[in-house]
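Chemist: Build me a model from this:
(one chain, ligands or ions: 1)
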Amino acid sequence: MKTHAFRFDRVFQPSATQSDVFEEVAHLTQSVLDGYNTCIFAYGQTGSGKTHSLEGSANLHLGAAAVPTQDPEAGLIPRAVQMLWSTAEHLRAKGWRYEFEGQMLEIYNDEINDLLGKHELSGSSSGGSRNEMKHEIKHEKMRTFVSDTIVVPLESPSQVFSLLAKAKSRRQTAATLMNERSSRSHCVFILRVKGANALTGESCDATLSLVDLAGSERVNASGSDKDPVRFTETKSINKSLSSLNDVITALGNAKTGGHVPYRNSTLTWLLKNSLGGNSKTLMLLAISPMAEHLNETINSLRFASKVNSTVIGTARRVRASE
Ligand SMILES: Nc1ncnc2c1ncn2[C@@H]1O[C@H](COP(=O)(O)OP(=O)(O)OP(=O)(O)O)[C@@H](O)[C@H]1O
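Modeler: Numbering: from 1, shown residues only. Model prediction:
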């Protein structure tokens, strides 16, 4: 039997619980309160467990009635949200006051859909989302703005869960109109955290981006070239995942002379400030244990171990004035 060796910071066995996974990443998500732009990607082939890891399979989206940290099936997002709110509450005693706001975006065929907006995701059996609105991404210093998208001020974890539920149901509606569409789009939850300390005069303003990437398998082997809709989807997934690879490679490679090709895909352009050397980035790789998925699993492991071995820079805090 041939063996392949890969090195990672941490490997979770099938017996690992949601709580085990969260324990590993909790400190990272928490650093958004200290003013670090932070990004967590879930990468892996369709059905390998990306959404399971980020959202979990508990019925979390019932508003205030759900208490995610007491639910063993709650995934990373609800746990992180709950932890951020409770840490912010503790930090009040030290003078900190935080404001939170959230956005839920989907990138499908290299275009942004606002999962909280009114117009998109109408669905179409002939080609997926027909955006009534084109969204533009702008970067000003350390901030990212997406035109004509809804940003919701968030007062409590339960409000975040309702927001996630709304976005999820809109995605699912679109998915029933177009078979398996959600596996072929990237879903990005952006939580902006603004903090000010009345005692020390310090301030911070950073975002936590949690990204459920489209299935990483190369679909051309499954006949996508015969189906124009599938072909377009495949092309844009391949493009955005290879752009992600190129950006990470460029960040870790001094030889590129400082040029990082963020603009090559909507995914990398949107996440520019969360991917750059000043932010904290983590990739969570989901792999299937099934023998028939071995090739995809090895491809995923190769990609992720390359990402893991890349040093993208040194994270630094973002102050509110930046
Ligand atoms: N570690 C796990 N333990 C238990 N069930 C799991 C685990 N990982 C995945 N599953 C289950 O497998 C199914 C597929 O997982 P999931 O939807 O998370 O995959 P995915 O990688 O997000 O797929 P897609 O690319 O289609 O979004 C779900 O029913 C999920 O609950």
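Chemist: what's the burial count for the residue of the stretch 1-150 of the chain found nearest the ligand?
Modeler: For the stretch 1-150 of the chain, the residue closest to the ligand is G49, as judged by C-beta to the nearest ligand atom, at 2.9 Å. Just so you know, the C-beta spots here come from the backbone N, C-alpha and C atoms, and that holds for glycine as well. The local packing of G49 (other C-beta atoms under 10 Å) involves 17 other residues.
Chemist: Then W96?
Modeler: 21.
Chemist: That one contacts T87, correct?
Modeler: No: using C-beta atoms under 8 Å, W96 makes no contact with T87, being 9.5 Å away.
Chemist: what's the nearest residue to the residue of the stretch 201-322 of the chain found nearest the ligand if we skip its chain neighbours?
Modeler: Residue nearest to the ligand within the stretch 201-322 of the chain (C-beta to the nearest ligand atom): G215, separated by 3.9 Å. Nearest residue to G215, sequence neighbours excluded (C-beta to C-beta, 6 or more residues apart in numbering): T46, at 3.2 Å.
Chemist: low pLDDT regions in the chain?
Modeler: 58-70, 119-132, 172-182, 218-226, 254-257, 277, 312-313, 321-322 (pLDDT under 70).
Chemist: now the helices for it?
Modeler: 18-30, 50-54, 76-91, 157-177, 228-252, 266-270, 272-275, 294-308 (DSSP state H).
Chemist: Quick check: residues of the stretch 1-150 of the chain near the ligand?
Modeler: G44, T46, G47, S48, G49, K50, T51, H52, S57 (C-beta under 6 Å from any ligand atom).
Chemist: List buried residues within these.
Modeler: G44, T46, G47, S48, G49, K50, T51, H52 (16 or more other C-beta atoms under 10 Å).
Chemist: just the residues you listed now: which is nearest K138?
Modeler: Distance to K138 across those (C-beta to C-beta) is lowest for K50, with 28.4 Å.
Chemist: OK, contacts around that closest one?
Modeler: Counting by C-beta atoms under 8 Å, 6 or more residues apart in numbering, K50 touches A42, Y43, G44, D212, L213, L284, A286.
Chemist: and the residue nearest to G215, how far is that from R184?
Modeler: Using C-beta to C-beta, to the nearest Å, one obtains 8 Å as the distance from T46 to R184.
Chemist: Now stretch 93-102: buried residues?
Modeler: Buried residues in stretch 93-102 (16+ other C-beta under 10 Å): W96, Y98, F100, G102.
Chemist: Residues in contact with both of W96 and T87, list them for me.
Modeler: Counting by C-beta under 8 Å, 6+ apart, the common neighbours of W96 and T87 are L33.
Chemist: about what we covered before: top of the contacts of K50 by neighbour count?
Modeler: Among the contacts of K50, G44 has the most neighbours (other C-beta under 10 Å), with 27 neighbours.
Chemist: what's near enough to touch it?
Modeler: K50, L213, G215, S216, L285, A286, I287, S288, S300.
Chemist: Pick out the most distant pair among those.
Modeler: Farthest apart among the contacts of G44 by C-beta to C-beta are L213 and S288. That separation is 15.2 Å.
Chemist: In the stretch 151-300 of the chain, which residue sits nearest the ligand?
Modeler: Closest point on the stretch 151-300 of the chain to the ligand, by C-beta to the nearest ligand atom, is S183, at 3.2 Å.
Chemist: Would you agree that residue is in contact with A214?
Modeler: Yes: with contact defined as C-beta under 8 Å, S183 counts as touching A214 (6.5 Å).
Chemist: neighbour count winner among these two?
Modeler: For the pair S183 and A214, the greater number of neighbours falls to A214 (26 against 19), based on other C-beta under 10 Å.
Chemist: Please tell me how far that one sits from L241.
Modeler: From A214 to L241 the distance is 8 Å (C-beta to C-beta).
Chemist: if we can go back for a sec, what's the neighbour count on the residue of the stretch 201-322 of the chain closest to the ligand?
Modeler: For G215, using other C-beta under 10 Å, the count is 21.
Chemist: pretty sure V160 is touching V81, no?
Modeler: Yes: assessed by C-beta under 8 Å, V160 is found in contact with V81 at 4.8 Å.
Chemist: Looking only at neighbour counts, state which of these two leads.
Modeler: V81 (30 against 25).
Chemist: what residues are up against the more buried one?
Modeler: Here V81 is in contact with P68, P157, V160, F161, L191 (C-beta under 8 Å, 6+ apart).
Chemist: mind running it again at 10 Å?
Modeler: 29, 60, 68-69, 74, 100, 102, 154, 156-161, 163-164, 189, 191, 208, 210 (C-beta atoms under 10 Å, 6 or more residues apart in numbering).
Chemist: which residues touch the residue of the stretch 1-150 of the chain closest to the ligand?
Modeler: Here G49 is in contact with P14, A42, G75, L284, L285, A286, I287, S288 (C-beta under 10 Å, 6+ apart).
Chemist: swap in L285?
Modeler: L285 touches 6, 8, 11-12, 41-44, 48-50, 53, 216, 297, 300-301, 303-305, 307-308, counting by C-beta under 10 Å, 6+ apart.
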